[in-house]
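Engineer: this is a predicted model, with the sequence first.
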Amino acid sequence: MKLPLQITFRNMDRSDAVEADVREKAEKLDEFFQHIMRCRVVVEAQHKHHHKGNIYHVRIDLTVPGHELVVSRDPKDHHAHEDVYVAVRDAFDAAKRQLEDYSRKLRGDTKTHEVPPHGTVSELVPMEDFGRIRTADGRSVYFHRNSVINADFDSLNEGDPVRFDEEAGEQGPQASTVRVIGKHHPVG
């Protein structure tokens with residue numbers, strides 16, 4: 001961390017043991033993501049006068065390049081947070097998850113769902129139970145009658161738009177599954 005860790009206690013006495021726990025967990029965050037510029041932690045007891053049954057709230061503000069990450073959970077009815085150490089642990093676990101998400105975003109590692117290849121039916125040979133698909137990049141992909149899964153092979157027409165799963169066949173690329181797309185067929 002570029003700036004010293006700030007720990008604040010509210011509605012409770014300062015505790016060396018809790019402070020040591022917070023410092024240890026903050027150091028682990030710093031090891032996990034090295035570009036943390038500032039970390040502020042507030043440990044708060046919900047009711048100042050309760051000695052038993054008090055619920056603790058932990059807020060963590062992390063400043064990272066170009067962004068501020070905040071962990072603040074509403075502890076109402078969360079009886080596990082009657083233990084200040086559990087509240088601290090849960091808050092730092094949430095901070096770690098936020099740092100992981102932020103780190104992935106910085107690296108450009110976002111989850112994407114690959115769209116299956118698509119094209120149009122360019123040839124049909126019903127007597128031999130096969131056809132061909134012309135892909136968007138101009139390739140020709142073979143498919144068998146049994147590869148069509150959401151329509152009847154005999155109802156296909158040249159020019160019908162399709163999505164397909166491609167694999168290597170003995171004679172070149174072939175579609176293992178073919179889904180007709182359009183207004184009368186579901187998009188697969």
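Structural biologist: Alright, I've got the coordinates.

Engineer: got a list of contacts for stretch 22-38?
Structural biologist: Contacts to stretch 22-38, defined as CB atoms under 8 Å, 6 or more residues apart in numbering, come from residues 1-3, 5-7, 39, 41, 43, 61-65, 88-89, 92, 95-96, 99, 102-103. Heads up, the C-betas are built off the backbone N, CA and C, glycines and all.

Engineer: just the ones in strands from those residues, please.
Structural biologist: Judged by DSSP state E, the subset of the contacts of stretch 22-38 located in strands is 6-7, 39, 41, 43, 61-64.

Engineer: tell me the one among the residues you listed nearest to residue 84.
Structural biologist: Closest to residue 84 out of those is residue 43 (6.6 Å), distances taken as CB to CB.

Engineer: and for the closest one, the neighbour number?
Structural biologist: Residues lying near residue 43 (other CB atoms under 10 Å) number 25.

Engineer: show me the contacts for it.
Structural biologist: Contacts here follow CB under 8 Å, 6+ apart; on that basis residue 43 touches 7-10, 12, 18, 22, 56-58, 84, 87-88.

Engineer: buried only: go through those for me.
Structural biologist: Among the contacts of residue 43, those buried by neighbour count (16 or more other CB atoms under 10 Å) are 7, 9, 12, 18, 22, 56-58, 84, 87-88.

Engineer: any stretches of the protein with poor pLDDT?
Structural biologist: Residue ranges of the chain with pLDDT under 70: 1, 47-53, 73-80, 109-115, 183-188.

Engineer: the strands in it, which residues?
Structural biologist: Taking DSSP E as the criterion, the chain carries its strands at 6-10, 38-45, 56-64, 67-72, 118-125, 130-135, 140-144, 161-169, 172-180.

Engineer: would you turn the ones you listed into JSON lines with distance to residue 154?
Structural biologist: Output for those, formatted as JSON lines (distance: least, CB to CB, whole Å):
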{"stretch": "strand 6-10", "distance to residue 154": "73"}
{"stretch": "strand 38-45", "distance to residue 154": "67"}
{"stretch": "strand 56-64", "distance to residue 154": "60"}
{"stretch": "strand 67-72", "distance to residue 154": "57"}
{"stretch": "strand 118-125", "distance to residue 154": "9"}
{"stretch": "strand 130-135", "distance to residue 154": "11"}
{"stretch": "strand 140-144", "distance to residue 154": "14"}
{"stretch": "strand 161-169", "distance to residue 154": "15"}
{"stretch": "strand 172-180", "distance to residue 154": "12"}
